[in-house]
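S.K.: Sequence plus the predicted model coming up.
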Amino acid sequence: MDRRFPFKVLEHIFSFVDSNEDRNSVSLVCKSWFETERRTRKRVFVGNCYAVSPLKVARRFPKMRSLTLKGKPHFADYNLVPDGWGGYAWPWIEAMAARRPFLEEIRLKRMVVTDECLEKIAASFRDFKTLVLTSCEGFSTDGIAAIASTCRKLRDLELRECIVDDLGGDWLSYFPETSTSLVSLDFSCLDSEVKLSDLERLLSRSPNLKSLKLNRSVTLDVLESLLRRAPQLVELGTGSFSDELDPEEIAKLTKALSELKQLKSLSGLWDLLPEYIPLLYSLCPRLTSLNLSYATVQMPDLIDLLSRCSKLQKLWVMDLIEDKGLKTVALCCKELRELRVFPSGADLDETDVTLTEQGLVSVSEGCPKLESVLYFCVQFTNAALVSIAKNRPNFRCFRLCVMEPFAPDYRTQQPLDEGFKAIVERCKDLRRLSVSGLLTDKAFEYIGVHAKKLRMLSIAFAGDSDLMLHHLLSGCQSLKKLEIRDCPFGDTALLENAAKLETMRSLWMSSCFVSFGACKQLSQKMPRLNVEVIDEHPPKTRPDSSPVERIYIYRTVAGPRLDTPEFVWTIHKSPEVGVSRLSIR
Amino acid sequence: MLSEEELQSNVSVASSPTSNCISKGGGLKVHNYFGLSDSSSVESSTLSGNVEDDKATISLKATELTLGLPGSQSPARETELDEKPFFPLLPTKDEIFSSSQKNIASGNKRGFSDTMYTEKNWMFPEAVATQSVVNKEVTQNIPKGQLGTLNNSSSPPAAKAQIVGWPPVRSYRKNTLATTCKNSDEVDGKPGSAALFVKVSMDGAPYLRKVDLRSYTNYGELSSALEKMFTTFTLGQCGSNGAAGKDMLSETKLKNLLNGKDYVLTYEDKDGDWMLVGDVPWEMFIDVCKKLKIMKGADAIGLAPRAMEKSKMRA
């Protein structure tokens, strides 16, 4: 008896299933569900490009239209991953180009993308619409020119914080005169100047352009002319905001800014001069997102600006905002959901206490919708953390960076265990957590017990022993990504909780206490984990007991990767072989 | 506390088990655990980086479980941060990273050893005793402590970033803020095109401020900005609605407060001398000014003559 739903019915039902997590669950139910799901999935997300082979993905999802990939470990952002580690986009682009020519969207994060990749994309996907590269590197403006010139239906071209070999601003002129489809353009990470006339013409013929993020070399005196041609913008990233303008120019710019009736998001603002802040006032009441993290503006001026932004949901700012400025935010920005406060000077030894824990406490008190925080601060207290947790149990992302390693509660000299305990106890929906300051194993016991929905955890300079890691691996049920640096544990906890690692996307440990022997054991025990050691010297020249500088462990069905550089060693599954460094390019 | 001599010495660390500095070859800086260097780099003469000023204190925490590797010891925390090492590692480790540092070339290329820099700084009690941990080739090419960041910025943080990747700020962001200063060197006198932060302290104020000298074009602008910033202290107002607060204060009141008899604005120059602000041309001033201080008038007596002398000497 055939009890299965007809394919068409299942297909229809699955069309309502959007999230990939749900789709992954759906595909596990039974074979026919697996088949139906895979034939209908349009958006494919691969969180670790080495977890699965590109070929397999291409074959599994015949209807895929959008591919999102992530490459290097997160700590690569902080220079902990040497160049040449990997994360190459090419194998994926090649596989998709051959098999999935209807692919429309490619989003890559922390990957190495070459001009060859970009040219291949341009040549292979005739309906290509969206290219978003975040924290990528390896390509030049020539590659971008290829995309601009060839992708007729290009809608989104976004280069976010990429490292680009900037050969000049010509790439912009490669958009054909007939191209009118642009919806978003972000070249904020490029250095060189683009030709103003090219940009003006592009804007004039792009009526659908909603998001424009200029680079720093676009000077203030030309901004007005650009905005005039794109009054429909919803997101604007300005260029440098510091030219000297004469009163007439200021008046024109003010007018142009006030014409942006749809503008919700503002960023860029490099070198923002205080006297130009009033120009932004007309935008403030509608702004939901404001990125001032490159604007070296002082607190009084920030207050002037922020007190007018009553609809603000996302604020990125430097610590120049000080406690007082954050108090204003708490009073005026009741819709705030996300706050990031970056350090302006990274002064570790100077006690510049103008931004303290009090700032974050104020915001947690005043902003009922606050759910995501990244906060850099020199020191903190347990009391503040407890307050924050009490005020805001709805945190989903809490990243506190106490910049002084091992800094205890500066009032009581106690570790910050109790403070973080409050956070994980009260914030039941916490998905992402970064801890810092002086922490003992106890803190991690609390995290293991309470943080049941935690998916990503970042730890530095903390803990006393293997118990710490053990608490985490045995307690945090939802843990997917764990990154640890400079903590004194390793072997025992790792081996005891080896099975856990297969339920996680990845584990990064650097400057910890993991021995080469333990790595070998782990690798042999867990066939579907790649245990990669990052070390200049071959691990086998050292005794098993010697600690390994960096390890990156991730689950994979693709086996050991074939593109490791000379300093990355995959621990082989077979004990006799030891380590392998298969390097086939 | 480590004495200056210990920090400066080029003697192998093996001889001082409690120190947590690795002495390096000539011309290289010695760092304690946090990479706080007592001698500042070329760019950042403002920072004293004194170990003595290190504020972090940690209560003694003996580990209960010592699940370590054979031959190693779990770290113990001591009250004096700067005295004790933290992560005992085995001797062999230090030899591993003695390969020559690749110079940080253009762009963001990081040599492998560059990312390993931190570890060399850490001292290990038993390891020290058994071998020399001097790593001669280390840090030769590390630009003035900017390991984690890539452009040598002339902003004060230059000597700070000894621990690779700490604080965890994206290198993209660090570079962007660093190139602010670089750009300003290339572009002549473009006001506001760089961030030149100096600290401003005021007698009696509970905390410091930072101002970007390049965002002003003359003394008048600087003065009014400082007035705005510091009136809250002098008038005893801590209004959280800054906008409203400002409206309530009259301009004349502010001017009198700071420019009048009560307070004078002074600065510390490159030589470490305190001078009255206003004696030298603005461009020269922002070149030499390292710190600002709003002093009570009485304390500032005697500064004026020196300022005049100095500017005569320079002229």
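M.R.: Looks like it came in fine. Everything numeric here is computed off the predicted structure, so don't read it as measured data.

S.K.: which SS state does the residue of the stretch 151-300 of chain B at minimum distance from chain A fall under?
M.R.: Closest to chain A within the stretch 151-300 of chain B is residue B:165: 3.2 Å, counting by C-beta to the nearest C-beta. Placement of C-beta: from N, CA and C, glycine included. When classified by DSSP: H, G, I helix; E, B strand; the rest coil, residue B:165 comes out as coil.

S.K.: again, but for residue A:360
M.R.: Secondary structure, three-state DSSP: residue A:360 is helix.

S.K.: For it, give me its contacts.
M.R.: By C-beta atoms under 8 Å, 6 or more residues apart in numbering or on different chains, the contact set of residue A:360 is A:326, A:341, A:373, A:375, A:377, A:384, A:388, A:400.

S.K.: how about low-confidence regions in the chain?
M.R.: Picked chain A for this. Regions of chain A meeting the criterion pLDDT under 70 cover residues A:1-4, A:346-353, A:539, A:574-585.

S.K.: Actually, chain B is the one I wanted.
M.R.: B:1-162, B:179-195, B:206-208, B:231-262, B:298-315.

S.K.: Correct me if wrong: residue B:197 contacts residue B:214.
M.R.: No: in this structure residue B:197 lies outside contact range of residue B:214 using C-beta atoms under 8 Å: 9.2 Å.

S.K.: So which of the contacts of residue A:360 are in helices?
M.R.: Counting by DSSP state H, the contacts of residue A:360 place A:326, A:384, A:388 in helices.

S.K.: count of neighbours near the first one?
M.R.: Here the neighbour count serves as a burial measure; for residue A:326 (other C-beta atoms under 10 Å in any protein chain shown) it reads 33.

S.K.: Disregarding flanking residues, what is the spatial nearest neighbour of it?
M.R.: residue A:359 (3.7 Å; C-beta to C-beta, 6 or more residues apart in numbering or on different chains).

S.K.: What residues does that neighbour make contact with?
M.R.: A:321-323, A:325-327, A:341, A:375, A:377.

S.K.: hang on, the earlier thing: just the closest of the ones in helices among the contacts of residue A:360 to chain B, please.
M.R.: Chain B lies nearest to residue A:326 out of the ones in helices among the contacts of residue A:360, by C-beta to the nearest C-beta, at 9.7 Å.

S.K.: The closest one contacts residue A:363, doesn't it?
M.R.: Yes: Residue A:326 lies in contact with residue A:363 (C-beta under 8 Å); the separation is 5.3 Å.

S.K.: re the thing from before, need the ones in helices among the contacts of residue A:360 in TSV with distance to residue A:112, can you?
M.R.: Listed next are the ones in helices among the contacts of residue A:360 as TSV, based on distance: C-beta to C-beta, whole Å:
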residue	distance to residue A:112
A:326	38
A:384	41
A:388	39
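
S.K.: For the stretch 1-150 of chain A, which residues are neighbours of chain B?
M.R.: Listed as neighbours of chain B in the stretch 1-150 of chain A under the rule C-beta under 8 Å from any C-beta of the partner chain: A:75, A:77-83, A:135, A:137.

S.K.: hmm, back to that, between the contacts of residue A:360, which has the most around it?
M.R.: Neighbour tally across the contacts of residue A:360 (other C-beta under 10 Å): the maximum, 33 neighbours, falls on residue A:326.

S.K.: so how far is residue A:384 from that residue?
M.R.: For residue A:326, the distance to residue A:384 (C-beta to C-beta, to the nearest Å) stands at 13 Å.

S.K.: What is the neighbour count of the closest residue in space to residue A:378 that isn't next to it in sequence?
M.R.: Excluding its sequence neighbours, the residue lying closest to residue A:378 (C-beta to C-beta, 6+ apart) is residue A:403, at 5.4 Å. By the criterion of other C-beta under 10 Å, residue A:403 has 22 neighbours.

S.K.: gap between residue A:403 and residue B:173?
M.R.: Residue A:403 sits 14 Å away from residue B:173 when distances are taken as C-beta to C-beta.

S.K.: Could you do residue A:499 as well?
M.R.: For residue A:499, the distance to residue B:173 - C-beta to C-beta - is 38 Å.

S.K.: next one: residue A:440
M.R.: According to C-beta to C-beta, residue A:440 and residue B:173 sit 31 Å apart.

S.K.: between those two, who's got more neighbours?
M.R.: Counted by other C-beta under 10 Å, residue A:440 and residue B:173 do not tie: residue A:440 has more neighbours, with 21 against 16.

S.K.: My guess is that one contacts residue A:416. True?
M.R.: No: between residue A:440 and residue A:416 no contact is recorded; they are 9.3 Å apart, counting by C-beta under 8 Å.
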